[in-house]
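> coords below, sequence missing:
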Ligand code: URA
């Protein structure tokens with residue numbers, strides 16, 4: 001394999017063979033291909049794209065760069081959901097235990113938040129003691145006991161993707177449908193799934209700004225999944241206002257607990273059921289029952305206990321992570337809420353410290369927003385638009401100014 005030739009051929013828009021892509025990825029994972037060549041390759045892919053066969057080869061090569069989940073014979077259906085990320089998207093915390101209650105195994109390997117979108121791992125770590133660092137063997141042992149595990153990518157899980165994603169992050173090559181497909185699907189396929197549902201977001205609070213782009217990404221991910229023998233379904237969801245009423249790590253866990261107890265915001269419950277229905281193998285009515293009768297909430301407790309947390313801490317999260325300043329943003333005029341710009345809310349949450357600008361940054365579990373108004377709701381002058389949870393008065397003022405821009409109210 002002559003790497004400069006592969007890069008040049010891709011730059012000219014040629015299709016590479018599965019063998020060439022496999023060799024390139026395996027050599028990169030072993031450190032035999034340097035970052036500068038791989039970034040040139042990623043940029044060539046960014047501009048020229050890849051054929052479905054090339055994307056499948058890239059996905060397989062990244063998946064095979066590490067270990068995959070191995071289950072005992074006669075295991076129940078193994079299923080998962082992946083969201084391309086949004087603001088206030090805490091669906092995983094509800095869906096994973098819910099679908100486990102329906103008799104499936106859910107080995108959910110998630111990521112951290114980066115930029116304006118939050119990450120499931122950061123939310124889970126808002127639960128004191130919750131350990132997201134599990135080996136694949138420990139994860140499978142936990143599945144046998146509780147049917148659900150929520151963890152981070154280990155060093156032996158798709159290491160080629162881990163390396164390439166970090167490189168893409170600093171070389172302007174993240175927003176490529178081919179590279180996003182291979183990155184996401186390699187990790188999901190390494191979970192050795194029977195069924196997968198994808199929640200592909202579009203709008204000002206998402207990776208993909210337009211529905212057409214989201215559709216193209218969904219088509220690409222479905223094609224790769226099917227090629228590799230997994231039943232993949234996708235739901236396209238707008239991300240123009242935050243999902244639910246809370247944004248920020250501990251605040252989103254609290255809202256997830258409400259939803260797991262049969263309450264919570266209507267949009268969050270609906271989207272969770274829409275996605276769960278595609279993979280759970282039981283009816284929507286059965287899933288609703290599992291939320292309303294406390295089964296899903298009890299399963300979440302089991303999950304927390306299995307991974308080192310204390311379920312008794314869950315009702316106390318608001319106290320455990322109490323921001324020094326918790327104050328309302330007040331509407332100056334009444335009318336109907338016509339916009340809660342998710343992208344701006346995400347940026348405000350990031351500035352408050354709920355998210356990270358660089359992969360190595362930490363996050364503040366306490367800060368963010370809750371009690372957000374939703375589009376279409378009536379509001380009167382003097383009523384709260386949301387509450388801000390801030391570390392300092394300066395942070396509060398900054399977030400308040402951003403929320404005033406994010407929320408638009410039209411007179412009746
Ligand atoms: N999430 C991933 O894991 N990879 C991407 O490329 C984009 C989002």
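Looks like it came in fine. Because the structure is predicted, anything quoted here is derived from the model rather than measured.
> Between its first and last residues, what's the separation in stretch 282-301?
Start and end residues of stretch 282-301 are separated by 22 Å (CA to CA, to the nearest Å).
> buried stuff in that stretch?
For stretch 282-301, a neighbour-count test (16 or more other CB atoms under 10 Å) marks 282, 287, 288, 290, 291, 295, 296, 297, 299, 300, 301 as buried. (C-beta placed from N, C-alpha, C; glycine too.)
> ok now it, how far from the chain's centre?
Centroid displacement of stretch 282-301 relative to its chain, using CA atoms, centre = their mean, to the nearest Å, is 22 Å.
> tell me the mean pLDDT over that stretch?
The pLDDT scores in stretch 282-301 average 98.
> what sits up against it?
By CB atoms under 8 Å, 6 or more residues apart in numbering, the list of residues contacting stretch 282-301 from outside reads 93-94, 97-98, 100-103, 146-148, 256-257, 259-262, 269, 273, 276-277, 280, 311, 314.
> go again using 6 Å as the cut-off
Residues from elsewhere that reach stretch 282-301 (CB atoms under 6 Å, 6 or more residues apart in numbering): 97, 98, 100, 101, 102, 260, 261, 262, 273, 276, 277, 311.
> Residue 6: what's it in contact with?
Shown in contact with residue 6 (CB under 6 Å, 6+ apart): residue 20.
> what about it, which helix or strand?
If you go by DSSP states H and E, residue 6 is part of helix 3-11.
> cool, residue 164 as well?
Per DSSP H and E: residue 164 is located in helix 159-169.
> same for that helix, what does it pack against?
helix 18-29, helix 35-48, helix 177-189 (3 or more CB pairs under 6 Å, 6 or more residues apart in numbering; DSSP states H and E).
> now that helix against helix 177-189, angle please.
Helix 159-169 and helix 177-189 meet at an angle of 150 degrees, taking axes from the mean of the first three to the mean of the last three CA atoms, to 10 degrees as the criterion.
> does any bit of helix 159-169 sit next to the ligand?
Yes. Part of helix 159-169 sits near the ligand under the criterion CB under 6 Å from any ligand atom, namely residue 165.
> what comes up buried for that helix?
For helix 159-169, by 16+ other CB under 10 Å, it's 159, 160, 161, 162, 163, 164, 165, 167, 168.
> any idea of the mean pLDDT in that helix?
For helix 159-169, mean pLDDT rounds to 92.
> Give me the contacts around that helix.
When contacts are defined by CB under 6 Å, 6+ apart, helix 159-169 is touched by residues 25, 29, 35, 38, 39, 42, 62, 65, 66, 174, 183, 186.
> Nearest to the ligand within this protein, name that residue for me.
The chain approaches the ligand most closely through residue 183 (3.4 Å), counting by CB to the nearest ligand atom.
> what about that residue, how many residues close to it?
Residues within reach of residue 183, counting by other CB atoms under 10 Å, total 22.
> try residue 7
Per other CB under 10 Å, the neighbour tally for residue 7 reads 20.
> can you check residue 309 too?
Count around residue 309 with other CB under 10 Å applied: 19.
> just checking, it is part of a strand?
No. Going by DSSP: H, G, I helix; E, B strand; the rest coil, the assignment for residue 309 is coil, not a strand.
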